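Undergrad: whatever this is, show me its structure:
(one chain, ligands or ions: 1)
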Amino acid sequence: MLSKEKDIFNVLFEAVSEGVVVVNEQQNIVSVNSSIDKMFGYNPEELVNKPLNVLIPSTYHAGHGAHFKGFMKNKEKRQMGNGRELYGARKNGDVFPLEAGLNPFKIYGETFVMALVVDISVRKQQEEEINKLNEGLEKKVQERTKELSTTVNELKVVNLELDSENHKRIQAENKIKDALKKEKELNELKTKFLSLVSHEFKTPLSGILTSTMLLGKYKLAEQQEKRDKHLEIITNKVHYLNNILNDFLSVEKLETGKINYKFHTFKLSKVVDEVIYNANMLLKGGQKINYPENIDDISLTQDEKTVELALSNLLNNAIKYSPENTDINIHIQQDKTHTFIKVKDNGIGIPKADQKNIFNRYFRAENALLTEGTGIGLNIIKSHLKNLGGTISFKSKEGVGSTFTMKIINKAK
Ligand code: ADP
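TA: Below is the predicted model of the structure:
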């Protein structure tokens, strides 16, 4: 090289900021720029003719030799390392990370390799710091996530506890509400009873009083007919009052669950006769009860008193809600399991709008309000029959008449 060209080469060689090291095929250093000297801690010219290995930590020497040979075979310009971390050794023995790009070239028939070397220890250090910071951050995130999930789990538990507390509270509230409702109903029942007693008992009682007063006045023997009439009036009113009292007693017993049904086997005809005998006293002029006479073979194993009460209530209603000169028909039928008792009248009937409420306690249809009554009877029959495994239903047309049907199980347990 001419000295002028050599100067230009040297200027270029020194101008690049990377370290430049040129080695020959024997891996001896031919030339380095001052960046290399500074990077590896050598004086100028100190590295020339030294083996390349002086720049490489001794632990990598063997490996590096093999790599160099491989590279010389292909002689391609490429980045050194290929994914491996590269290290350089300073004169004082310090080892530092570096990056190197390899450029083979030929001059005067000889092959050289020029390596461009960058000290990356600062970058590595920064990377490490960033990694450390990242790790710290990740750890913190993990810790926070863990804390959060613990809090969430705790919240879930608290939530569950609150839920069950709430559930218990609602249950307790409902219990109290039920108890209050029962008490209210009982109070209403008592109030109703008192007002009914004062209303319903007043008329028959004053009737009884009048009749007894008159009875005392008819002292002559020929006035026996008049005495009988008043005695009949008194008997009727007493019966009526007795029925109301029985109804109330039934309500009370049904309400408090104090009913004791007594089951035994009896002939239905006996009950029917008894009920009709009593009902006959209540008949209006020209009213007639038709009932089957051939029912001697029909027996029931039931609570006789309840069956009697139910039938007598139905029959009394039929009489009460029918005008004079009408017939009332009782129809009885029995199959293997049940007995059907029908009471049919040709009376005032039940208005369609009132039919859905007819079994409600105290309910009275709007066309029945001028007739005396308490609105208890049907409600009692329904409750009793339900207890005894039976049902009650009806068909009715206002102004035409009604038919009530009881279905009673033949053998109660
Ligand atoms: P009460 O007859 O004392 O009012 P019930 O419970 O026996 O009470 O009957 C309830 C209501 O059903 C009666 O007020 C009446 O409106 C209606 N009712 C019952 N039976 C008959 C019937 N045979 N014909 C017409 N309406 C009836």
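Undergrad: what backbone torsions are found at residue 395?
TA: Note on residue 395: its backbone torsions stand at phi -130, psi 140 [degrees, to the nearest 10].
Undergrad: and the nearest residue to it once chain neighbours are set aside, what does it touch?
TA: Leaving out its chain neighbours, the residue that sits closest to residue 395 by Cβ to Cβ, 6 or more residues apart in numbering is residue 403, at 5.0 Å. Yep, even glycine has a C-beta here, placed from its N, CA and C like the rest. With contacts defined as Cβ atoms under 8 Å, 6 or more residues apart in numbering, residue 403 is in contact with 342-345, 394-396.
Undergrad: may I have the strands that pair with the lengthiest strand in the chain, each with its orientation?
TA: Taking DSSP state E as the criterion, the chain has its longest strand at strand 95-107. Strand pairing for strand 95-107, determined by DSSP bridges: strand 78-79 (antiparallel), strand 86-89 (antiparallel), strand 110-119 (antiparallel).
Undergrad: check those strands for me: which has the lowest mean pLDDT.
TA: Here the strands paired with strand 95-107 differ in mean pLDDT, and the lowest is strand 78-79 at a mean of 68.
Undergrad: got the residue ranges for the helices in this protein?
TA: Taking DSSP state H as the criterion, the chain carries its helices at 3-15, 34-40, 61-74, 121-217, 224-256, 268-280, 304-320, 352-355, 377-387.
Undergrad: adding mean neighbour count, write those helices out as TSV.
TA: Converted to TSV, the helices of the chain look like this (neighbours: other Cβ atoms under 10 Å):
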stretch	mean neighbour count
helix 3-15	11
helix 34-40	19
helix 61-74	12
helix 121-217	11
helix 224-256	15
helix 268-280	17
helix 304-320	22
helix 352-355	14
helix 377-387	20
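Undergrad: tell me which of those helices lies nearest to residue 115.
TA: Residue 115 lies closest to helix 34-40 among those, at 9.1 Å (Cβ to Cβ).
Undergrad: returning to that earlier point: is the residue nearest to residue 395 bridged to anything, and to what?
TA: Going by DSSP bridges, residue 403 forms beta bridges with residue 344, residue 395.
Undergrad: residue contacts, the closest residue to residue 355 other than its chain neighbours?
TA: In space, and not counting its chain neighbours, residue 355 is closest to residue 396: 6.6 Å by Cβ to Cβ, 6+ apart. Contacts for residue 396 (Cβ under 8 Å, 6+ apart) come out as 349-350, 355, 402-403.
Undergrad: repeat that for 6 Å
TA: By Cβ atoms under 6 Å, 6 or more residues apart in numbering, the residues touching residue 396 are 349-350, 402.
Undergrad: can you tell me how far it is from residue 317?
TA: 11 Å (Cβ to Cβ, to the nearest Å).
Undergrad: got it, and residue 109?
TA: According to Cβ to Cβ, residue 109 stands 138 Å off from residue 317.
Undergrad: please parse this structure into its domains.
TA: Domain assignment for the chain by automatic domain parsing gives 3-119, 261-409.
Undergrad: adding distance to residue 240, write those out as a markdown table.
TA: Below are the domains of the chain laid out as a markdown table (distance: least, Cβ to Cβ, whole Å):
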| stretch | distance to residue 240 |
| --- | --- |
| domain 3-119 | 114 |
| domain 261-409 | 8 |
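Undergrad: quick check: residues of the protein near the ligand?
TA: Within the chain, the positions lying close to the ligand (Cβ under 6 Å from any ligand atom) are 313, 317-318, 321, 345, 347-350, 358, 364-365, 368, 373-379, 402.
Undergrad: can you tell me which of the residues you listed are classed as buried?
TA: 313, 317-318, 321, 345, 347-350, 358, 364-365, 368, 373-379, 402 (16 or more other Cβ atoms under 10 Å).
Undergrad: where does pLDDT dip in the stretch 151-300 of the chain?
TA: Within the stretch 151-300 of the chain, the segments meeting pLDDT under 70 span 196-197.
Undergrad: find the centremost residue of this structure, please.
TA: The residue lying closest to the centre of the chain (Cα atoms, centre = their mean) is residue 167, at 11.1 Å.
Undergrad: returning to what we had before: and the residue nearest to residue 355, how far is that from residue 289?
TA: 19 Å.
Undergrad: can you get me a residue count around residue 296?
TA: Counted with other Cβ atoms under 10 Å, the neighbours of residue 296 add up to 10.
Undergrad: ok, residue 24 next?
TA: 15.
Undergrad: show me the beta-bridge partners of it.
TA: With DSSP bridges applied, residue 24 shows beta-bridge pairing to residue 112.
Undergrad: and it, what's its pLDDT?
TA: Residue 24 is given a pLDDT of 91.
Undergrad: could the helices of the chain go into CSV alongside distance to residue 332?
TA: Formatted as CSV, the helices of the chain follow (distance: least, Cβ to Cβ, whole Å):
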stretch, distance to residue 332
helix 3-15, 130
helix 34-40, 125
helix 61-74, 117
helix 121-217, 31
helix 224-256, 22
helix 268-280, 7
helix 304-320, 10
helix 352-355, 24
helix 377-387, 16
